[in-house]
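K.L.:
coordinates for the following, if possible.
(chains A and B)
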There are 2 protein chains.
Amino acid sequence: MKKEKLIVIGGDAAGMTAASKVRREHKDWEIIVYERSEYTSYSACGIPYFISGKVATYEELIVRTPKDFKKEYNIDAFTGHEVIKVDSSKKQVLVKDLKKETTFWESYDKLLIATGGKSFCPEVPHKDAEGIFGISTLRSGIKVAAYLKKYKPKTAVIIGGGYIGLEMAEALLLKGLKVSLVDRSEEIMNTLDPDMGALVHTTMKNLGVTIYLKEELKSFAVTDNRVTGVVTNKKTLPADIVILGMGVSPNTLFLQDSKIALSENGAVIVTKRQRTNIKNIWAAGDCALTTHLVSKQPFYIALGTVANKTGLVAGTNIAGKTAIFPGVVGTAVCKICVYEVARTGLLEKQIKKLGIDYTATMIKTKSRAGYYPGAKAIYVKLLAEKGTGKLLGGQIIGEEGAAKRIDVLATALTNKLTLQNIIDLDLSYAPPFSPVWDPVQVAARKLIKEL
Amino acid sequence: MKKEKLIVIGGDAAGMTAASKVRREHKDWEIIVYERSEYTSYSACGIPYFISGKVATYEELIVRTPKDFKKEYNIDAFTGHEVIKVDSSKKQVLVKDLKKETTFWESYDKLLIATGGKSFCPEVPHKDAEGIFGISTLRSGIKVAAYLKKYKPKTAVIIGGGYIGLEMAEALLLKGLKVSLVDRSEEIMNTLDPDMGALVHTTMKNLGVTIYLKEELKSFAVTDNRVTGVVTNKKTLPADIVILGMGVSPNTLFLQDSKIALSENGAVIVTKRQRTNIKNIWAAGDCALTTHLVSKQPFYIALGTVANKTGLVAGTNIAGKTAIFPGVVGTAVCKICVYEVARTGLLEKQIKKLGIDYTATMIKTKSRAGYYPGAKAIYVKLLAEKGTGKLLGGQIIGEEGAAKRIDVLATALTNKLTLQNIIDLDLSYAPPFSPVWDPVQVAARKLIKEL
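P.N.:
Numbering: from 1, shown residues only, chains lettered A, B, ... in the order given. Model (predicted):
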């Protein structure tokens, strides 16, 4: 293969995984990374723990700095450089040096778009006021920490009760703030069915978070362009700091005039080899679209696991080998106070939308043998197709054993297992770790009778 | 279906699960259970925790007493009754009332053999002396507890370094005894490959257990028929109490003159519907043979999960419906001190015996994101077929996250997944629960390069 020049846009999980993979395959290629922020290759998922103080410094979240990449991989990662345009016909990108405030065109043979996502915020008045933060980049996390230190805010409002919203609610409670949460849905955690979300709701409430449901963000109250409140369709909540937890949108605004095909929400449409519709251009991570293996439909999800995997697949294909990213089943987990909250597959509302005839059940059992000290309550909800008994989704909440137990259901979904298949699985058992029928099997046994 | 009379031999997991299932299907059948000991339906796996004192009373290990079964299920469970002969041509069993020391014949329409297993001991001098205990029944557990109380033994010798041996070693250490362990193999835990067993060895040694490897039991030293030592081919170890942990053999001596087909080790040979070679006779639990889904060969394993599952399958078929037990992949887990020790699939020695060309790797990584407080070391060993990359087995040891993580590999084995399939799995990730690449995927990524 001839010597090529690869440009990677975005220096976090997907981009740097791909760049490193290409370097391992080709010692002589020129590899340039442009990263808008000051940081490369960090764990965005760790930000709430840095803010709460569980992780002492933000540096601990950084896996490799640009210096490390130069030394270990001979990769030139330029931070503070934003790509603002892609010209695929001339095979060049327009780069803005944010420090010098200059721009230049840089040519490529191969291009990877790995610009990630940003916290979504609707177009409401004062959305760019000081004190309103998304938590999608390390820079945003550092800014929140600095804001907490500088202004010592007393009241926080979280908008959106998803993973990031809840993790941040807990982090800010730990920092001593009074925390409210606003969500426009009927229940928080809309990645769970409402009956499971209600369990998380109770936990958050008991933790001290005030929750307002079915309330929609209308604007922000500000003084001197600094946030003082969140205005909903029902009231104004005082807020010294606001965290946006309404989901993530792909960072692809700069591609809107390019010929690269984007989905409705702006995610880059890619093949299973992570290639875009344009030859020699790939995309990976939170800026790209993927496929849901259960619904078999295009699916957008912003997760570190997917970013790493699609980055590796993109890198392999860019390097001239073959790799495929088959898609996801929608697995996610988070820690909310003492609870492990895990989910995979489809929700009831998604199944209904697909027109699949289904049945669902929720059971409460123990995380260990009932007599073994420390056994905790664990809730398992399963959803299966009527008739076939094929698993469609699962949600698990518990003080222990929920997080890694969801992985059995994720593996089951990937392999199209039925409830009977799950009952037959040879899962591990010892009194400190599980009842003799694992909770997922207890749920499967109950649901199979209702098919 | 006409009213039938079912006799179940053995009143623990398999027998009572089957009996209850039959009752749920047929309100009018006569169901009689004969159980040799005084107890029905208990958790044998909980015995070490009862002995250590973690579980305060043996009653906590009992799920249902004969009285409960009568009341809730209208099942007549006779304890202290041993079946000593099966006459399948006349469809009757010879029952011994152990209290009255009388025998009687009882007829059946359908018969289930669920007599479980007993701790294996080779035919050496004084093997029946006082103070030598297997741990296969609740009665044996209660006897150990009573012996500890009465004689206050100071030194214990465990013979055999498997699950029960190690769990009992820990239990007796907790009770303040000086504990030695003798094993004839090159390493303890022969359900693991020796390199993984060595990790457990170090833990046990650090815990204070003296371990003697490659030493074989030759006889017991006794005074007044009470054990005082264990004589090996190398030395005599003083012992006030001895625990047998050399594995389990099926309780099927009473079937040797029957026409029921037994395997070489005495396990009842059954179909996938748990039926023996004789019409109207089924077998389930630790007395029956099963199939290993990876080696595709007959396989004997004594585990509570399998007993419950095969009992349910037997009960369903006895009741006239259809159920199948496909087999096992050899999953097992135990807690040794702070370690979770888990395994599934085939070991290197088993793979070699099958003549499969394989490759193996072991990795050490963290149970959580490296920066998240409390991350612990976790070791994962994977074995895969050369060429195809099909997973053959996995072993995981760690202070957390090993037990339930093995279940992903168990599910993968059942579904014949390759290493690439495992890498592609959408497993859950959040910093408190896992690195972004789950440890099983880290191992798969390493091994796939070595195929």
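
K.L.:
A:Lys449: neighbour count?
P.N.:
A:Lys449 has 9 neighbouring residues, counting by other CB atoms under 10 Å in any protein chain shown. For every residue, glycine as well, the C-beta is placed using N, CA and C.

K.L.:
what's opposite the closest residue to chain B within the stretch 201-350 of chain A in the beta bridge?
P.N.:
Proximity to chain B, evaluated over the stretch 201-350 of chain A using CB to the nearest CB, is greatest for A:Val333 at 3.9 Å. Counting by DSSP bridges, A:Val333 forms beta bridges with A:Ala342.

K.L.:
residues contacting it?
P.N.:
Taking CB atoms under 8 Å, 6 or more residues apart in numbering or on different chains as the criterion, A:Val333 is in contact with A:340-343, A:402-403, A:406, B:428-430, B:433.

K.L.:
do you know how far it is from B:Val436?
P.N.:
Per CB to CB, to the nearest Å, A:Val333 is found 12 Å from B:Val436.

K.L.:
what do those two both touch?
P.N.:
Contact with both A:Val333 and B:Val436 is made by residues B:Tyr429, according to CB under 8 Å, 6+ apart.

K.L.:
the residue lying farthest from the centre of chain A and A:Thr228, how far apart?
P.N.:
Distance from the centre of chain A peaks at A:Tyr371, with 37.6 Å (CA atoms, centre = their mean). A:Tyr371 sits 55 Å away from A:Thr228, going by CB to CB.

K.L.:
A:Lys175 now?
P.N.:
19 Å.

K.L.:
repeat that for A:Phe133.
P.N.:
Applying CB to CB to A:Phe133 and A:Thr228 gives a distance of 15 Å.

K.L.:
ditto for A:Ile113
P.N.:
Applying CB to CB to A:Ile113 and A:Thr228 gives a distance of 38 Å.

K.L.:
more neighbours, the two?
P.N.:
The neighbour count for A:Ile113 versus A:Thr228, taken as other CB under 10 Å, is higher for A:Ile113 (33 against 18).

K.L.:
my guess is that one meets A:Leu255, correct?
P.N.:
Yes. With contact defined as CB atoms under 8 Å, A:Ile113 and A:Leu255 form a contacting pair (7.2 Å).

K.L.:
which residues do those two both contact?
P.N.:
A:86, A:268.

K.L.:
contacting residues for A:Asp286?
P.N.:
A:14, A:116-117, A:136, A:248, A:250-251, A:302-303, A:306-307.

K.L.:
show me where the stretch 51-200 of chain A has strands.
P.N.:
A:76-79, A:81-87, A:92-97, A:102-107, A:110-113, A:117-119, A:132-133, A:155-159, A:178-182 (DSSP state E, counting those that start in this stretch).

K.L.:
tell me which of those strands is the most buried.
P.N.:
Highest mean neighbour count of the strands of the stretch 51-200 of chain A: strand A:110-113, a mean of 28 (counted as mean count of other CB atoms under 10 Å in any protein chain shown).

K.L.:
next, count neighbours for the nearest residue to A:Phe50 once chain neighbours are set aside.
P.N.:
Closest residue to A:Phe50 in three dimensions, ignoring its sequence neighbours and counting by CB to CB, 6 or more residues apart in numbering or on different chains: A:Tyr58, at 5.2 Å. When neighbours are defined as other CB under 10 Å, A:Tyr58 has 19 of them.

K.L.:
any idea how far B:Lys71 is from A:Tyr58?
P.N.:
Counting by CB to CB, the gap from A:Tyr58 to B:Lys71 is 62 Å.

K.L.:
A:Cys287 too?
P.N.:
With CB to CB as the criterion, A:Cys287 and B:Lys71 are 63 Å apart.

K.L.:
run through chain A and note the low-pLDDT ranges.
P.N.:
Where chain A drops to pLDDT under 70, the residues are A:1.

K.L.:
show me which residues of the stretch 1-150 of chain A sit near chain B.
P.N.:
Neighbours of chain B within the stretch 1-150 of chain A, by CB under 8 Å from any CB of the partner chain: A:13, A:43, A:45-46, A:49, A:54-55, A:60-61.

K.L.:
mind checking which of A:Cys287 and B:Lys71 has more residues around it?
P.N.:
It is A:Cys287, of A:Cys287 and B:Lys71, that has more neighbours when counted by other CB under 10 Å, with 31 against 11.

K.L.:
gap between the two ends of stretch A:368-387?
P.N.:
32 Å (CA to CA, to the nearest Å).

K.L.:
how far off centre is that stretch?
P.N.:
Counting by CA atoms, centre = their mean, to the nearest Å, stretch A:368-387 is centred 26 Å from the centre of its parent chain.

K.L.:
which stretches of chain A form helices?
P.N.:
A:13-25, A:47-52, A:66-73, A:138-151, A:163-174, A:194-207, A:304-318, A:348-353, A:406-414, A:419-424, A:439-448 (DSSP state H).

K.L.:
what's the closest of those helices to B:Tyr34?
P.N.:
With CB to CB, the closest approach to B:Tyr34 among these belongs to helix A:439-448: 27.6 Å.

K.L.:
may I see the buried residues of the closest one?
P.N.:
A:439-445, A:447-448 (16 or more other CB atoms under 10 Å in any protein chain shown).

K.L.:
nearest to A:Thr414, of those residues?
P.N.:
A:Val440 (14.9 Å).

K.L.:
isn't that closest one up against A:Val380?
P.N.:
Yes. Using CB under 8 Å, A:Val440 is in contact with A:Val380, at 5.8 Å.

K.L.:
intersection of neighbour lists for those two?
P.N.:
With CB under 8 Å, 6+ apart as the test, A:Val440 and A:Val380 both reach A:394, A:396, A:405.

K.L.:
now those in a markdown table, with distance to chain B?
P.N.:
Listed next are the shared contacts of A:Val440 and A:Val380 as a markdown table, based on distance: CB to the nearest CB, whole Å:
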| residue | distance to chain B |
| --- | --- |
| A:Gly394 | 11 |
| A:Ile396 | 10 |
| A:Arg405 | 5 |
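
K.L.:
what about the strands in the stretch 201-350 of chain A?
P.N.:
Going by DSSP E, counting those that start in this stretch, the stretch 201-350 of chain A shows strands at A:210-212, A:217-223, A:226-232, A:236-238, A:241-244, A:248-250, A:281-283, A:290-291, A:298-299, A:332-336, A:339-345.

K.L.:
show me what from the stretch 151-300 of chain A comes close to chain B.
P.N.:
Checking the stretch 151-300 of chain A against chain B by CB under 8 Å from any CB, the hits are A:Leu293.

K.L.:
show me the domain layout of chain A.
P.N.:
A:5-43+A:60-117+A:249-318, A:121-246, A:332-448 (automatic domain parsing).

K.L.:
these into JSON lines, with extra columns for distance to B:Ala261?
P.N.:
What follows is the domains of chain A, written out as JSON lines (distance: least, CB to CB, whole Å):
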{"stretch": "domain A:5-43+A:60-117+A:249-318", "distance to B:Ala261": "44"}
{"stretch": "domain A:121-246", "distance to B:Ala261": "49"}
{"stretch": "domain A:332-448", "distance to B:Ala261": "24"}
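
K.L.:
give me the number of residues near the residue lying closest to A:Leu237 once chain neighbours are set aside?
P.N.:
For A:Leu237, ignoring the flanking residues on the chain, the nearest one in space by CB to CB, 6+ apart is A:Val230 at 4.7 Å. Number of residues near A:Val230 (other CB under 10 Å) recorded here: 26.

K.L.:
any idea what A:Val230 is bridged to?
P.N.:
Beta-bridge partners for A:Val230, by DSSP bridges, are A:Phe220, A:Leu237.

K.L.:
and it, what is it in contact with?
P.N.:
A:157, A:159, A:182, A:217, A:220-221, A:236-237, A:239, A:242.

K.L.:
ok, of those, which come out buried?
P.N.:
Here the buried ones among those, as counted with 16+ other CB under 10 Å, turn out to be A:157, A:159, A:182, A:217, A:220-221, A:237, A:239, A:242.

K.L.:
quick one, what contacts the residue in the stretch 51-200 of chain A positioned nearest to chain B?
P.N.:
Residue nearest to chain B within the stretch 51-200 of chain A (CB to the nearest CB): A:Glu60, separated by 4.1 Å. For A:Glu60, the contacting residues are A:46, A:50, B:371, by CB under 8 Å, 6+ apart.
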